[in-house]
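Peer 1: Compute the structure for the input listed below.
(one chain, ligands or ions: 4)
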Amino acid sequence: MSEQFRSMEEHTSLPYDVGTVDPYTRARVLLMVAIERSSVLAKHHMARSTDHDSVKKHLAVIRRAESLQLQSLGSLIPADETPLETAIGLEQMTVDLTANLAQNEADDYFKQVLDFALLEDLDHLFRFSLLYEMAEGGDAELMTRGRTPIMAGRPTAVQHRHPVDELRAHFDLGEVPLRTLMNLFTITSVEQEKMLFYQNAVRAYPEQLIRRLFGEIADVEEQHLSQYEALGDPHITPMEQLVLIELNEAYNYFSAAQAEADPAVRRLYGELMGQELEHFQLAVALLERVEGRDASELLGEAVVPSLIELRPNMDYIEAVLATQADLQPFDGEFIPEERLPADWPSFAFRERMNGRGSSADEVERRMPRERMPPS
Ligand SMILES: [Fe+2]
Ligand SMILES: [Fe+2]
Ligand SMILES: [Fe+2]
Ligand SMILES: [Fe+2]
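Peer 2: Ligands and ions are numbered 1, 2, ... in the order given. Model (predicted):
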């Protein structure tokens, strides 16, 4: 492990060029930042509820390595990328990531949950893009370069739901393929990352409208995080979780490295993937030693048959939009809004949240007509 700790200089990357960076290079950096932050935070949480000496020591060492990996990735993002530009990058990444996960998800219910959130993050990309033009005179199309549609999804104003309406039925660890577990760990990390980023970004601008939109969308990301968390098997043991987190990190680096054209970034992914394989092997050994379990019970052959790929998904997104825009969750299932009972908890909650107007609606009202997508 000692070679994973180097001088701070070596843990600090040179930033990409905000004007020329490939949209998916940026998206993969944001994805890996999310994966790493989630790994660091999970290890902090685990350390608080174990009294096992070797687990505590293991977590202390690996957590520090994860934190340094996070810094190597975070320093790829240049100082002249504004919070609104990062928000657009995050939502572009989430839209194409969610579409990729949904198309490679064997569990029908999980796929439905992904499709449901896809249309909400699509709308966030649209609202942030309007605000970007209004506030910074920027054109989000120059960032996404036509790869991801910038269009209205399920309107953000109707995304505010009562917290209990974010509860979902969970799957069982033994009954889903490994790709499902990788999908869950990946999307949960990403929704958490956006929640944290937007919660912090409420202080990044002086204009009240921008502060409100970051807050409004941060709240939806909190909902998305909650719904994905609810999907996971609550009977998972701490060491099973540790093994799967490390495997998911390695899997995401491998996926990202395959697609990455920037040589320096690709090299970094290769290097960090090597570190993750070491974390994974150590975690497997702990699972066996601490919980007396054989990793093959959890992982089978430990083969994930497909990679996570960020690429355009126009047709898929349009098909989901055409058939599912009016869905809302009720009792863990998704039904058209018109069929919801009048006492659906989210009706009153939504009214309360939008009581003084939705900033997401307001950015749309304030933008010139010619920038609006065809309705
Ligand atoms: Fe890591
Ligand atoms: Fe979003
Ligand atoms: Fe989201
Ligand atoms: Fe790791």
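Peer 1: Only C-alpha atoms from now on, for both contacts and neighbour counts.
Peer 2: Noted.
Peer 1: Can you list the buried residues in stretch 195-202?
Peer 2: Residues of stretch 195-202 classed as buried by neighbour count (16 or more other Cα atoms under 10 Å): 195, 197-199, 201-202.
Peer 1: Identify all contacting residues around the helix or strand containing Asn100.
Peer 2: Using DSSP states H and E, Asn100 sits within helix 83-103. Applying Cα atoms under 8 Å, 6 or more residues apart in numbering, the contact partners of helix 83-103 are 23-24, 26-28, 30-31, 110-112, 114-115, 118, 121-122, 124-125, 128-129, 132, 140, 143-144, 148, 183, 187, 190, 194, 198, 201, 204, 308-313, 316-317.
Peer 1: So which bits of that helix are buried?
Peer 2: Buried residues in helix 83-103, counted by 16+ other Cα under 10 Å: 83-102.
Peer 1: mind exporting that helix as CSV, just the C-alpha atoms?
Peer 2: The C-alpha coordinates for helix 83-103 follow below in CSV (Å, rounded to 0.1, in the frame of the first residue of the first chain):
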residue,chain,number,x,y,z
PRO,A,83,-20.2,26.3,-10.6
LEU,A,84,-22.9,26.6,-13.3
GLU,A,85,-20.6,25.0,-15.9
THR,A,86,-19.8,22.2,-13.4
ALA,A,87,-23.6,21.8,-12.8
ILE,A,88,-24.2,21.4,-16.5
GLY,A,89,-21.4,18.9,-16.7
LEU,A,90,-22.8,17.0,-13.8
GLU,A,91,-26.3,16.8,-15.3
GLN,A,92,-25.0,15.9,-18.8
MET,A,93,-23.0,13.1,-17.2
THR,A,94,-26.0,11.9,-15.1
VAL,A,95,-28.3,11.9,-18.1
ASP,A,96,-26.0,9.7,-20.3
LEU,A,97,-24.9,7.6,-17.3
THR,A,98,-28.5,6.9,-16.2
ALA,A,99,-29.5,6.0,-19.8
ASN,A,100,-26.5,3.6,-20.0
LEU,A,101,-27.3,2.0,-16.6
ALA,A,102,-31.0,1.7,-17.5
GLN,A,103,-30.3,0.0,-20.8
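Peer 1: Leaving out the residues flanking it, which one is nearest to the residue in the chain that ligand 1 sits nearest to?
Peer 2: In the chain, the residue found nearest to ligand 1 is Glu66; the distance is 4.3 Å by Cα to the ion. Spatial nearest neighbour of Glu66, excluding adjacent residues (Cα to Cα, 6 or more residues apart in numbering): Val40 at 5.8 Å.
Peer 1: Contact partners for the one you found?
Peer 2: Val40 neighbours (Cα under 8 Å, 6+ apart): 63-64, 66-67.
Peer 1: Tell me how far it lies from Val265.
Peer 2: 21 Å (Cα to Cα, to the nearest Å).
Peer 1: Show the residue spans covered by the strands in the stretch 101-250 of the chain.
Peer 2: Remark: strands of the stretch 101-250 of the chain are absent; assignment by DSSP state E, counting those that start in this stretch.
Peer 1: Could I get the contacting residues of the residue nearest the centre of the chain?
Peer 2: Note on the chain: the residue nearest the mean C-alpha position is Val190, at 1.5 Å, using Cα atoms, centre = their mean. Val190 makes contact with 31, 34-35, 94, according to Cα under 8 Å, 6+ apart.
Peer 1: Taking those residues, tell me the two that lie furthest apart.
Peer 2: Ile35 and Thr94 (12.7 Å; Cα to Cα).
Peer 1: Just the contacts of helix 83-103: which are in helices?
Peer 2: Counting by DSSP state H, the contacts of helix 83-103 place 23-24, 26-28, 30-31, 110-112, 114-115, 118, 121-122, 124-125, 128-129, 132, 140, 143-144, 183, 187, 190, 194, 198, 201, 316-317 in helices.
Peer 1: the helices in the stretch 251-375 of the chain, which residues?
Peer 2: Using DSSP state H, counting those that start in this stretch, the helices of the stretch 251-375 of the chain run over 263-291, 295-299, 314-324, 345-353, 359-366.
Peer 1: can you list the ones you listed in TSV and add distance to ligand 4 and mean neighbour count?
Peer 2: Listed next are those as TSV, based on distance: least, Cα to the ion, whole Å; neighbours: other Cα atoms under 10 Å:
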stretch	distance to ligand 4	mean neighbour count
helix 263-291	5	18
helix 295-299	17	14
helix 314-324	32	14
helix 345-353	38	16
helix 359-366	37	17
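Peer 1: Okay then, goodbye and thanks.
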